[in-house]
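>>> model the structure of this input:
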Amino acid sequence: MSAPVSRPPRIVVTITVAARQPDPVVAARKNALYVDAVVRHGAAAFALDAATPASERAAAFATMDGLLITGGADIHPGRYGEPNQGSEGVDHDRDELEHAAWNVAISRGLPILGICRGFQAMNAFAGGKLLQHVGGHDGPGFGEGPAHTHPLRLVAGSRLARIITPTGNPSELVVNSYHHQAVRPGDLAPGLIASAFAASPAGDLVEGLEAADGPFRMAVQCHPERTESTPRVFEQLFSAFVEACRRR
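Numbering: from 1, shown residues only. Next comes the predicted model:
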């Protein structure tokens, strides 16, 4: 195992371009929640969006110790070889940024954490697919009312379960839900396994995934950075991610 780095681990956080959103102020607040989630556990965060100059992007990739892929617009279905069958508001520039970041992180064996869109992006980039629309899992936009929630079943013995509960055999949790696209068990990319499930009209959905072995590569479909609507045990996920980056 590598020795811990002596400085704060440098984590690239991919975010949306706030100025391009209908409400830039709300978009900036959402971006800040992701950054804060790793900074409060001792990381140095480098937020990159599609408007970040190429030179700054390259410098951040060259020195990063880990990658956090965050929430946002739908991924273009061409990224996983499908026609558009319900994807909305796709962001080609962000797809390009995050695919480039993913490739660098994979090539260097760095820890990766995905949240919501990031969960879906990790599956797509690794060779999996997405269900482009599922009912019952979206809800009011951030700041527009109470979060939609649903039960989440962690897979006993999974890495995610071991991080969140010491026994690795957790009870059912209730998490927030802000997505209309999803990953079904048959959509999982090679090398990724399910660590959490939730029910839906389309059947059980994978809402946590992780690498079967190797470096820390994990993702959740919910938004644990939104602490007002996520069980506090998910804070341990950010802590474990930062520690993995520290000991990469």
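
>>> grab the nearest non-local neighbour of F234.
Closest residue to F234 apart from its sequence neighbours, by CB to CB, 6 or more residues apart in numbering: P224 at 3.6 Å. Every residue, glycine included, has its C-beta placed from N, CA and C.

>>> residues contacting that neighbour?
Neighbouring residues of P224 by CB atoms under 8 Å, 6 or more residues apart in numbering: 37, 115, 175, 230, 234-235, 237-238.

>>> which of those fall in helices?
Mapping the contacts of P224 onto helices (DSSP state H) picks out 37, 235, 237-238.

>>> what segments of this structure are strands?
10-14, 44-48, 66-69, 112-115, 149-154, 173-176, 192-198, 205-211, 217-220 (DSSP state E).

>>> need those strands in JSON lines with distance to A58 and mean neighbour count, can you?
Below are those laid out as JSON lines (distance: least, CB to CB, whole Å; neighbours: other CB atoms under 10 Å):
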{"stretch": "strand 10-14", "distance to A58": "11", "mean neighbour count": "25"}
{"stretch": "strand 44-48", "distance to A58": "10", "mean neighbour count": "19"}
{"stretch": "strand 66-69", "distance to A58": "14", "mean neighbour count": "28"}
{"stretch": "strand 112-115", "distance to A58": "18", "mean neighbour count": "28"}
{"stretch": "strand 149-154", "distance to A58": "37", "mean neighbour count": "18"}
{"stretch": "strand 173-176", "distance to A58": "35", "mean neighbour count": "20"}
{"stretch": "strand 192-198", "distance to A58": "28", "mean neighbour count": "21"}
{"stretch": "strand 205-211", "distance to A58": "26", "mean neighbour count": "24"}
{"stretch": "strand 217-220", "distance to A58": "23", "mean neighbour count": "25"}
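
>>> which residues touch R57?
Contacts of R57 by CB under 8 Å, 6+ apart are 48, 97, 100.

>>> will you turn the contacts of P224 into CSV that also has distance to S200 and pLDDT?
Listed next are the contacts of P224 as CSV, based on distance: CB to CB, whole Å; pLDDT from 0 to 100:
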residue, distance to S200, pLDDT
A37, 26, 98
I115, 19, 97
V175, 13, 92
T230, 19, 89
F234, 20, 94
E235, 26, 96
L237, 22, 97
F238, 26, 98
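
>>> now T63: closest residue in space that isn't a chain neighbour?
Closest to T63 by CB to CB, 6+ apart is R10, at 5.6 Å.

>>> where does that neighbour land on pLDDT?
For R10, the pLDDT comes out at 98.

>>> what's the answer for D36, then?
pLDDT, D36: 98.

>>> what sits against the nearest residue to it once chain neighbours are set aside?
Leaving aside its chain neighbours, D36 sits nearest to E225 (7.5 Å; criterion: CB to CB, 6+ apart). When contacts are counted by CB under 8 Å, 6+ apart, E225 touches 33-34, 36-37, 70, 115, 238.

>>> which of those residues sit farthest apart?
D36 and I115 (13.0 Å; CB to CB).

>>> remind me which residues of this structure are low pLDDT?
In the predicted model of the chain, residues 1-5, 136-145, 166-171 satisfy pLDDT under 70.

>>> gap between the nearest residue to P8 once chain neighbours are set aside and A161?
Leaving aside its sequence neighbours, P8 sits nearest to A44 (CB to CB, 6+ apart; 4.3 Å). Distance of A44 to A161, computed by CB to CB, to the nearest Å: 29 Å.

>>> no further questions, thank you.
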